[in-house]
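J.: Got a sequence here, can you model it:
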Amino acid sequence: NRILMRAHNKRGFSFIEKIASKRGYKVDESGFIIGYRGEKLSNYKSKQGYAKCTISVDGRNITLYAHRLMAYQKYGDKIYESGNVVRHLDNNKENNKAENIAIGTCLDNLGDLPIELIRERQETATKKSIKYNRDEVIDFYNKCGRSRKKTMEQFNISSTGTFHYILNKRKHNSSCD
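T.: Numbers count the residues shown, from 1 in each chain. This is a model prediction of the structure:
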C-alpha cells in the first residue's frame with residue numbers, strides 16, 4: 001500500500017518518516033532519534049555521515065534518517081514533493097536540530113555549502129576523472145596494432161566503457177595532472 005517517491009538522487013523513499021512518526025518516533029530538540037517508547041536510539045551513521053536507525057516495516061528493516069524525520073516533523077508531506085530535498089543549513093550532517101533543517105531544491109542545498117568546500121569537491125572530482133592521459137592511451141593503442149586488450153592491460157583500465165570514453169570523448173588537460 002506504500003507508494004515509493006523518487007528523490008533528487010533517484011533513490012526511492014517509502015514514506016518511512018510518515019510511518020515512523022505515526023508509530024511515535026521523533027527527533028528531539030538536540031537532534032537525536034527517540035523511539036516510540038521514549039528511549040534515545042543509537043544514532044548510527046551512514047557511509048555519507050547521516051545519523052540513522054532502522055525500524056521494521058512489514059517484516060523488513062528500513063533505514064530511518066534523523067534529518068528526514070526532523071524535516072517531516074517540521075514540514076509534513078512537503079518533503080515528498082517533487083524537487084524538494086532535505087537540507088542541513090550549516091552543512092553539518094550530525095546537526096539534526098529543527099533550526100538547522102530545511103527543505104528546498106538541490107540548488108538551494110548547494111548554496112548552503114561554503115565556497116571552499118565546493119572548490120575542494122570540484123578538485124577531487126577532476127582528479128578522479130583525469131586518471132588516464134588520453135594522448136598516451138591513444139599513442140599506445142595505435143602502436144600496438146589497435147589492440148583494446150593490450151591497451152587496457154597496459155593502463156589498467158577495467159572496463160571497455162571507460163576505454164571507449166577515453167578514446168572517443170574525454171580530452172586530456174595537462175593542467176589537471
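J.: where do the helices sit along the chain?
T.: For the chain, applying DSSP state H gives helices covering 16-23, 66-75, 106-111, 115-129, 134-143, 148-154, 160-168.
J.: For Ser56, find the nearest of those helices.
T.: helix 16-23 (10.0 Å; CB to CB). Bear in mind the C-beta positions are built from the backbone N, C-alpha and C, glycine included.
J.: about what we covered before: let's have the helices of the chain in TSV, adding mean neighbour count, distance to Ser56 and mean pLDDT.
T.: Output for these, formatted as TSV (neighbours: other CB atoms under 10 Å; distance: least, CB to CB, whole Å; pLDDT from 0 to 100):
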stretch	mean neighbour count	distance to Ser56	mean pLDDT
helix 16-23	18	10	95
helix 66-75	22	16	97
helix 106-111	13	30	88
helix 115-129	10	36	75
helix 134-143	14	50	91
helix 148-154	15	46	92
helix 160-168	14	39	84
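J.: is it possible to export those to JSON lines including distance to Cys53?
T.: Shown next, in JSON lines, are those (distance: least, CB to CB, whole Å):
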{"stretch": "helix 16-23", "distance to Cys53": "9"}
{"stretch": "helix 66-75", "distance to Cys53": "8"}
{"stretch": "helix 106-111", "distance to Cys53": "23"}
{"stretch": "helix 115-129", "distance to Cys53": "27"}
{"stretch": "helix 134-143", "distance to Cys53": "46"}
{"stretch": "helix 148-154", "distance to Cys53": "44"}
{"stretch": "helix 160-168", "distance to Cys53": "37"}
